[in-house]
Structures are given as structure tokens and as C-alpha cells.
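Engineer: structure here, sequence nowhere to be found:
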């Protein structure tokens, strides 16, 4: 068996050569930030841009607007499994470089769109390139140890949320316009060009600073050999310890008991290592109901916020007479609100030691309250502006905290499983939400009004609360079962001790009294051994 295969059959945390540097991890977090920026930066100006290249035909305008938003997420949904498989086969760096080149092309094509068909195609291309979120997140999972993974994934989630929430504000300062050859720079095309420039920065940093790692592909044959090797080493070490401790002249019952206990612990550790490796290599470790519930939470959170990002600008323009620039300022304030919410989250989790799931539940309640404030009847009538602002900032801050907590909890639940594959599922869930959300928002706004759309969001979030309560209940039940198993194991160990000691004393041919007596007087021991030989 090759030594390389045996090395990759070891747990990931043991392979120090695969650990990434700070720059590598930071760069992958920046790539994920860039993916969400490319989705969100165009949202405040997308509606007037579609109108500029298509015209305001009330019968089909809303359809094309929803398609322009949803096609970006559909591209991400399609690209995630492709790029994930590519990263497994060829490495992360290659697929990241390819995705950034495609991102540059797609954003330039968007800003130069002559008609709505090219615009929608460009949105799909940009969304496909933004699927680099999956391989980048897989890199973060493979390149970090268990101890660091939760922190890194939380930072990754925070960067993604900031890109999602603050992306629309990045083009706000660019109010001037000019033209270079066929490149027309003005307020509706600036978002695409800014995204292209950010992608160029990411491309250069990846070329210069990024160091790829070899993604471990576990071979079941290699895993089996590694298990046998570990068990043989453990058995050999235990056997030597037993022979040393069960010496007929100098041993003691206390030493025999310690050797027995050490043998039991080593066997238990070897079996646990074999179980972990076998499950990881063969894929027998199950994706539980908890994973499905957490994926639904991801869908619910992103669906809710995407609905607001789709309707927010139109709602403010029609209700309060705001301009596109005013909407950009609103999204800038939302980005700052998200940062404050993440700081408060750290206080809750790190200082006050509030459990993750309880904090997540609190965030969901605040999010429901925020969107609930936006509900008004009749549904076509807008709410007062102070209600609008209170609802927006409450929902946005709670959204950022909930998403950061969700990815942390998801990473912990997925410990021991293939993190890259599961992060791809998490990304796909968010992509589906970014498809459903804009379509539901545009059609709902057209037929029943914005108030009804926000009421539907409240319903989805209430369902997510039910899912969170179920997860908490299942965790409590699992903790109770684990405690019962620990008590049973402790009882089994206590019951094993006398039998193992007696068995080894019988092999030594000496009773406890004789061993103690022999230890005190070796001469009497020798005489007694002679008498026993004559008796036999």
C-alpha cells in the first residue's frame, strides 16, 4: 500500500501539510464576498436598466424584471455542482481562476447590453461564475482544522452576508458619467463595471498569493489498510504493556487493572477511528433530518431577504418618491446595520454564552417582527415611512445574525462528513431561494400588492421557527441519548474490571494473597513453588 494513500486515509486534522495560510483563507472569503456582491450590486438599478433596454410595457415588464433577477441565481444553481466536481478532480485554484474570468466577461456584457435578451444572458453568466462559492467554501472546510473551522465559516458567512446586504450600496457614489469607445459609464452601467473590476482584483490576488491544496480523495482499500495498521500497532503496544505489568515476581493487581483499562481505551479509540474513516470513505454516514431542516432555514432566510431586495427600491420609489440614489443610501445603511448585528451576535455567543440555537431562534423572531411591520391592509397601500425603516433595519440585522449562526451550526452538525459537498447543498438552497424570491415578489406585487408579499414572507419565516424548534428538540433528545450511552459505557467498564483481573491472575498461577506474600518474602515464594511441584 502506498504511503500517500495511507496518509490521505488519516483524519483531515492530522494532515498538517494541507493546512492553508492566512492569506489563502482570507482570499477564499473575499471570493465568496465577491460572489454575493455580483448578485446584489445591480438590484437598485436593475429595474430602470431593464426599462431602458426594453421599455416599460406593463404586460411583460414585471416578467422580464423577475427573470433578470432569477437567472443570476439559476446560473449559480447550475454551476455549483459543476465547479464542485471540477475542484475535486483538478484542484480549487484552477476552477477559481476560470470562474473569475467568466465573471469579468459576464459583468462587462451586462453593462454593454443592447437589449433585454443580452441582459438576461449576462445575468445568467455572472450567476454561473458566482458558483465559485461552493469550491471556495469546500477549500475553507478542507484546509482548516476542526478547532478553527467554526470561526472561519462564521467569518465566511459574515463576508457573504455583507456582500449580499451592502452590495447594492457600492455603486452609489458613482454618479458621474462618461464614455470610452463603446464603454458607456453612467449610473445604470456602473454596477457591472465595478463588479468586473473587483473580479480582476480577485483574479490577480489568486494568481499571485493563493496556494492550492490537494483535496483528499479517500480510497476505501487504503482506509481499510490504515485501520488494520492502526489496530495492529495498538494490539502490539497493549500486549507489550501486559507482559511488562503482569510479571510474576514484581507485578500487582493495581498494575494489571491499569493495563486492562488502557487496553480497553485503546481498542475503543481504534474502533472509533475506523468508524469515522469508513463512514467518510464509503459515504455511509447519513445526512440526517437536521441537515434537511437547516437547509430549509437557509432557503427561508434568503428567500425573505431577496424578496425585500427585489421590491425595496420599487416600494420606496412608488411610496415615498425616492430615487435610485436614495435607495442606494438605504442599502448602505443596511450594510452598516448588518455589521452592528454581527457585533451584537458575538456578544451573545461569546460573552453571554447564549446557545447558538437559542440565539438563532431570537433572530428569527426579530426578523418576523421586522417583516410583519411592513404588512398593511389593503395590501396595495404602503406603510408609513417610519414603519418602513423600522421594519427594514430590524429584518436586515436579524437576517445577518441568523445566517451567520446557521452556517456555524451547519458546520458543527456536518462534522465528520464531506464538508465541501454539504456546503454545496447549502449554496444550492440559497440559490433556489434567490430564484423563488424575486419571482414571487414580482408576481405577488403585480397581482395582490406588496403587503400580501410581505405577509407571505412572514408565513415562511414562521415555518422556519417551527423547524428551528424541531432541531432544538432533536438536539436535546440526542444529548440525552449520548448521556445514557456514556453511563452505560462507564457501567460496562466497571463490570469488566473484576473479570479481566481474575482471568489474568489465573494465567499467572498466583492468587492475590500469594502475590502479596511473594512480594514480601521471595524465599518463601520459592519454597512454596517447590511444594506445589511435589504435590503435582
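Structural biologist: Now that the structure is in, tell me what you want to look at. Model, not experiment: these values are computed from the prediction.
Engineer: residue contacts, residue 323?
Structural biologist: residue 317 (C-beta atoms under 8 Å, 6 or more residues apart in numbering). Where C-beta positions appear, they are placed from N, C-alpha and C, glycine not excepted.
Engineer: measure it to residue 382 for me?
Structural biologist: Separation of residue 323 from residue 382 (C-beta to C-beta, to the nearest Å): 17 Å.
Engineer: all the helices of the stretch 1-150 of the chain, in order from the start?
Structural biologist: 3-8, 22-40, 43-54, 61-90, 92-111, 116-129, 133-143, 146-166 (DSSP state H, counting those that start in this stretch).
Engineer: where does the stretch 301-450 of the chain have low pLDDT?
Structural biologist: 415-420 (pLDDT under 70).
Engineer: quick one: the helices in it?
Structural biologist: 324-346, 356-373, 385-413, 419-447, 450-508.
Engineer: give me the contacts around stretch 161-168.
Structural biologist: So stretch 161-168 is contacted by 32-44, 305, 309, 327-328, 331-332, 334-339, 342, 396, 399-400, 403-404 (C-beta under 8 Å, 6+ apart).
Engineer: in the stretch 51-200 of the chain, where is pLDDT below threshold?
Structural biologist: Counting by pLDDT under 70, the stretch 51-200 of the chain contains low-confidence residues at 55-59, 146-150.
Engineer: list the contacts for the closest residue to residue 421 other than its chain neighbours?
Structural biologist: Distances taken as C-beta to C-beta, 6 or more residues apart in numbering put residue 84 closest to residue 421, at 7.3 Å, once the chain neighbours are dropped. Neighbouring residues of residue 84 by C-beta under 8 Å, 6+ apart: 134-135, 138, 420-421, 424.
Engineer: one step back: what's the closest of the helices of the stretch 1-150 of the chain to residue 460?
Structural biologist: Across those, residue 460 has its closest neighbour in helix 61-90 (16.7 Å, C-beta to C-beta).
Engineer: now that closest one against helix 116-129, angle please.
Structural biologist: Here the directions of helix 61-90 and helix 116-129 differ by 30 degrees (axes from the mean of the first three to the mean of the last three C-alpha atoms, to 10 degrees).
Engineer: can you start the count at 58 instead of 1 from here on
Structural biologist: Shifting the count to begin at 58 puts that one at helix 118-147.
Engineer: relative to helix 149-168, how tilted is helix 118-147?
Structural biologist: If you take the same axes, to 10 degrees, helix 118-147 sits at 160 degrees to helix 149-168.
Engineer: in helix 118-147, what's buried?
Structural biologist: Neighbour-count burial for helix 118-147 flags 118-119, 121-138, 140-141, 143-145 (criterion: 16 or more other C-beta atoms under 10 Å).
Engineer: name the nearest residue to the spatially most central residue of the chain, sequence neighbours excluded.
Structural biologist: The centre of the chain sits closest to residue 464, judged by C-alpha atoms, centre = their mean, with a distance of 4.1 Å. Sequence neighbours aside, residue 214 is the residue nearest to residue 464 in space, at 4.0 Å (criterion: C-beta to C-beta, 6+ apart).
Engineer: does the one you found touch residue 465 like I think?
Structural biologist: Yes. Taking contacts as C-beta atoms under 8 Å, residue 214 lies within contact range of residue 465: 7.2 Å.
Engineer: looking at the two, which is more packed in?
Structural biologist: Legend: neighbour count by other C-beta atoms under 10 Å for residue 214 and residue 465, higher for residue 214 (24 against 20).
Engineer: list the residues that contact the more buried one.
Structural biologist: 460-461, 463-465.
Engineer: switch to 10 Å and redo it
Structural biologist: Residues counted as contacts of residue 214 (C-beta atoms under 10 Å, 6 or more residues apart in numbering) are 86, 89, 194, 399, 457, 460-465, 467-468, 483.
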